[in-house]
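Peer 1: Please find the sequence and the predicted model below.
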Protein chains: 2
Amino acid sequence: MTSSKTPNKSADDTDANAALESGRRRATINDIARLAGVSKKTVSRVINQSPFVREETRQRIEAVIAEWGYAPDPQARGLAFRRSFLIGMIYDNPNPQYVVNMQLGLLDGMRGSGFELVVHPCDRSSPTFLQDVRMFIERQKLFGVILPPSVSEDERVADLLRDIGCEYIRIASVPLDEEEHMIVGHDRLGAQAMGEHLVGLGHQRIGFITGLPSFRSSHERKGGFEDALAAAGLKLDADYVVQGAYTFESGLAAGEALLAKTPRPTAIFAGNDEMAAGVLQAARRAGLTVPEDLTVVGFDDFQIAQAVWPPLTTVHIPTRQVGRMATEKLIAREGHEPGDPASIIPHLVVRESSAAPKPV
Amino acid sequence: MTSSKTPNKSADDTDANAALESGRRRATINDIARLAGVSKKTVSRVINQSPFVREETRQRIEAVIAEWGYAPDPQARGLAFRRSFLIGMIYDNPNPQYVVNMQLGLLDGMRGSGFELVVHPCDRSSPTFLQDVRMFIERQKLFGVILPPSVSEDERVADLLRDIGCEYIRIASVPLDEEEHMIVGHDRLGAQAMGEHLVGLGHQRIGFITGLPSFRSSHERKGGFEDALAAAGLKLDADYVVQGAYTFESGLAAGEALLAKTPRPTAIFAGNDEMAAGVLQAARRAGLTVPEDLTVVGFDDFQIAQAVWPPLTTVHIPTRQVGRMATEKLIAREGHEPGDPASIIPHLVVRESSAAPKPV
DNA sequence: AAGGGAGTGGAAACCGGTGTCAAGAGCTTC
DNA sequence: GAAGCTCTTGACACCGGTTTCCACTCCCTT
């Protein structure tokens, strides 16, 4: 029996090795186990960094893994773990540059970790929104999800995630959840810095264009601006606050409304760069020169801020770093540095669209 | 024996049902089989649309599936199928709006199909580029990949994909591969339409700014323009062609170079909207009014085309539809209409940045 | 009525990993 | 020197599907 089985077995081995060596087949955990002369369970232990493996054995197995370029199959592993190695980004955000930068950041944070990013744009106002999100997560058994604004600000989503026990990170401008679930963007500080810049230049009658009220950042940016005014003993005149929608067109309209006021504001702070670009347009139509006749500033420091004339003084948001921190927090990577929280604080970028007001 | 087993079995059933009904557990194929009174193989046949199931049986099973909201586990299915239900988008493209629109289109094409989109930005010039791509595909056992420009134009990638037997669709402005692997964007036709527009307005001395030479679209757009000129008996003066890089800054520089020529061109056709925005800037600096003194046109019809002054006459590229067609072709969906090939042909959008040249 | 083919459904193995649990090795301890 | 302990290791079942193989039912020939 034994004697007839051994040659059989080695014949099988030879076949298996041939297929492997020729590259016709990827290595499996069984191959590695066979080549290292251990059981597949022990290989599994090495992969999962179990401490119950003798150092010598571990090194032998790791050598074989390195030699044959083995990587465990995420599907099989996921099946056994009852979850996948996919991270979902669920978003409802109109700004392509934000979305792309965020994706890049998220990928930065998971590079080399074996996780992959699955994107899921959605419509928060759809009647099937929550059901869609739930299906997406449960079907794919997502490891976790990242929620940028405005999805991050939707408590229904957070409740759902807690309910189904899915890991999540919310990216928002204010803490909305326990610290372990939040990456806070501090838009307020950025807006405050901008406010100080404007006040420092000598502006006192400053128009403000808010963003979409459905985004928390709109309120934070306005709040930060008010903080800066208050610190200088000034107050935001409600008459000089106009509602915008984070779009170029809304900025144009709001800009025209503000420029029609008497007395005219000497500066306009738009809630984002797109709207600031609209204000530049409005100023041009009104025959005003920026920054001589009017200071115009934005927020975000996206590409458009440098693609208009004059280039916009704005607040830089380190979107990519924010994304990176989000995934790192989600997968709680040991190797990686925890990431400096200060690195995600927005900062002022002074360009050519801001200057001191003309002396009266 | 039988009598002692039956109660046992039904007790198990009761337990299983309890867990199911309480929502503590998702339905598995075994649950559906049990509830429908068939074997799981038969359920599997229904899911995979095998013809060898009696109509009556199929309906009964489908009813149970609908009632319990069963969806097969993609990991388990993928493990057995030896591939996943993930589609990769591998791209190296600097334009966020293109990327986001393309993603939206790809998702449009796979909605409700059970596939998910995994994004994979990359750097084509990295020394590990091909290895990265290979690893990405093989580890995840991707169902297939979508390649937008400029990755689509890289023959090394195509060779790799053929080599490892991965399904793929290349999106490019010219046919680079067999029809079944291509979605052709016809940038040439769009550029030709723009050329006709300019010639029709009466322009004869037209500057052209090319895009990155590493993108096929750069050459196609120039080629289409030349086609239109040739049809009108004109020729593109090489002296009025400047190399750009698809960025605002490069458009600004190229615009300044073109405006310095004597005689000055009466129109400038930039290879994309970003560069056209740069040209607008250059014109402004040169004290020229658009379109009275100079016609400026772009290509792509991205957001920036409407966020500058004057709004750009440009060529609209239906990126999202292109993406949708790409995934539909990849997964070869029966239910879906094949998609009208005409719907992805670019078309001219006339706005305010183009006008007839001033009479001499 | 027996033979044969097509249509239908089940048992068991398999995809490539993981959890559970018990057994073997090597070392103390009394 | 046997019991008792910890440290390693492997056998086996399992995750939730699919595929292979086979048996059974029908139904139509001859």
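Peer 2: Thanks, I have the structure now.
Peer 1: domains for chain A, by residue range?
Peer 2: Taking automatic domain parsing as the domain assignment, the ranges for chain A are A:2-71, A:79-185+A:321-344, A:187-317.
Peer 1: Just say which of those domains is most tucked in.
Peer 2: Highest mean neighbour count among the domains of chain A (mean count of other Cβ atoms under 10 Å in any protein chain shown): domain A:187-317, with a mean of 22. C-betas here are computed from N, CA, C, even on glycine.
Peer 1: is that domain anywhere near chain B?
Peer 2: Yes - for domain A:187-317, a contact with chain B is found by Cβ under 8 Å from any Cβ of the partner chain, at A:248, A:274, A:277-278, A:281, A:284, A:303-304, A:306-309.
Peer 1: B:Arg205 is nearest to which of the domains of chain A?
Peer 2: domain A:187-317 (25.4 Å; Cβ to Cβ).
Peer 1: chain center to that closest one: distance?
Peer 2: Distance, stretch centre to chain centre, for domain A:187-317: 24 Å (Cα atoms, centre = their mean, to the nearest Å).
Peer 1: distance between the ends of that domain?
Peer 2: From its first residue to its last, domain A:187-317 covers 8 Å (Cα to Cα, to the nearest Å).
Peer 1: mean confidence score for that domain?
Peer 2: Domain A:187-317 shows a mean pLDDT of 95.
Peer 1: who does the host helix or strand of A:Tyr168 touch, helix- and strand-wise?
Peer 2: Element membership of A:Tyr168, judged by DSSP states H and E, is strand A:167-172. Where contact means 3 or more Cβ pairs under 8 Å, 6 or more residues apart in numbering or on different chains; DSSP states H and E, strand A:167-172 is packed against strand A:144-147, helix A:155-164, strand A:182-184, helix A:319-331.
Peer 1: what do you get if the cut-off is 6 Å, keeping everything else the same?
Peer 2: If you count contacts as 3 or more Cβ pairs under 6 Å, 6 or more residues apart in numbering or on different chains; DSSP states H and E, strand A:167-172 packs onto strand A:144-147, helix A:319-331.
Peer 1: The ones you listed into JSON lines, with extra columns for distance to A:Arg134?
Peer 2: Converted to JSON lines, the helices and strands packed on strand A:167-172 look like this (distance: least, Cβ to Cβ, whole Å):
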{"stretch": "strand A:144-147", "distance to A:Arg134": "11"}
{"stretch": "helix A:319-331", "distance to A:Arg134": "19"}
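Peer 1: so which of those gets nearest A:Phe225?
Peer 2: In terms of Cβ to Cβ, the element of these nearest to A:Phe225 is helix A:319-331, at 20.7 Å.
Peer 1: quick check: angle from that closest one to strand A:167-172?
Peer 2: 150 degrees (axes from the mean of the first three to the mean of the last three Cα atoms, to 10 degrees).
Peer 1: and helix A:319-331, how far out from the chain's middle?
Peer 2: On Cα atoms, centre = their mean, the centre of helix A:319-331 falls 6 Å from the chain's centre.
Peer 1: show me where the stretch 1-150 of chain A has strands.
Peer 2: Assigned by DSSP state E, counting those that start in this stretch, the strands in the stretch 1-150 of chain A fall at A:86-91, A:116-121, A:144-147.
Peer 1: hmm, the last one in reach of chain B?
Peer 2: No - for strand A:144-147, no contact with chain B is found by Cβ under 6 Å from any Cβ of the partner chain; the gap never falls below 12.8 Å.
Peer 1: Show me what that strand is packed against.
Peer 2: Checking 3+ Cβ pairs under 6 Å, 6+ apart, strand A:144-147 ends up next to strand A:86-91, strand A:167-172.
Peer 1: ok, now with 10 Å
Peer 2: When contacts are defined as 3 or more Cβ pairs under 10 Å, 6 or more residues apart in numbering or on different chains; DSSP states H and E, strand A:144-147 packs onto strand A:86-91, helix A:96-110, strand A:116-121, helix A:129-140, helix A:155-164, strand A:167-172, helix A:319-331.
Peer 1: on that earlier part again, the domains of chain A into JSON lines, with extra columns for distance to DNA strand D?
Peer 2: Converted to JSON lines, the domains of chain A look like this (distance: least, Cβ to the nearest atom of the strand, whole Å):
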{"stretch": "domain A:2-71", "distance to DNA strand D": "3"}
{"stretch": "domain A:79-185+A:321-344", "distance to DNA strand D": "4"}
{"stretch": "domain A:187-317", "distance to DNA strand D": "37"}
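Peer 1: Quick check: the gap between A:Arg60 and A:Glu67.
Peer 2: Computed as Cβ to Cβ, to the nearest Å, the A:Arg60 to A:Glu67 distance reads 11 Å.
Peer 1: Do I have it right that A:Ile90 meets A:Asp123?
Peer 2: No - with contact defined as Cβ atoms under 10 Å, A:Ile90 does not count as touching A:Asp123 (11.2 Å).
Peer 1: which residues do those two both contact?
Peer 2: Listed contacts common to A:Ile90 and A:Asp123 are A:129, A:132; contacts here mean Cβ atoms under 10 Å, 6 or more residues apart in numbering or on different chains.
Peer 1: For the stretch 101-250 of chain A, list the residues in contact with DNA strand C, please.
Peer 2: Taking Cβ under 7 Å from any atom of the strand, no part of the stretch 101-250 of chain A reaches DNA strand C.
Peer 1: Where does the stretch 101-250 of chain A get nearest to DNA strand C, residue-wise?
Peer 2: Nearest to DNA strand C in the stretch 101-250 of chain A, going by Cβ to the nearest atom of the strand, is A:Gly114, at a distance of 10.6 Å.
Peer 1: What residues does that residue make contact with?
Peer 2: Contacts here follow Cβ under 10 Å, 6+ apart; on that basis A:Gly114 touches A:71-72, A:74, A:77, A:85, A:331, B:139-140.
Peer 1: one more time with 8 Å
Peer 2: Going by Cβ atoms under 8 Å, 6 or more residues apart in numbering or on different chains, A:Gly114 touches A:71, A:74, A:85, B:139.
Peer 1: Would you report the backbone torsion angles of it?
Peer 2: With angles defined as degrees, to the nearest 10, A:Gly114 sits at phi 90, psi -10.
Peer 1: And it, what's its pLDDT?
Peer 2: We have a pLDDT of 92 for A:Gly114.
Peer 1: Roughly how far does it sit from A:Leu79?
Peer 2: Taken as Cβ to Cβ, the span from A:Gly114 to A:Leu79 is 15 Å.
Peer 1: Could you pull up phi and psi at A:Ser152?
Peer 2: phi -60, psi -20.
Peer 1: Pull the contacting residues for it.
Peer 2: A:170-172, A:176.
Peer 1: circling back to that earlier point, so which of the domains of chain A comes closest to B:Thr313?
Peer 2: domain A:187-317 (17.2 Å).
Peer 1: coming back round to it: adding distance to A:Glu180, write the strands of the stretch 1-150 of chain A out as a markdown table.
Peer 2: Converted to a markdown table, these look like this (distance: least, Cβ to Cβ, whole Å):
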| stretch | distance to A:Glu180 |
| --- | --- |
| strand A:86-91 | 16 |
| strand A:116-121 | 21 |
| strand A:144-147 | 12 |
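Peer 1: Show me the one of the ones you listed that comes nearest B:Gly200.
Peer 2: strand A:116-121 (39.3 Å).
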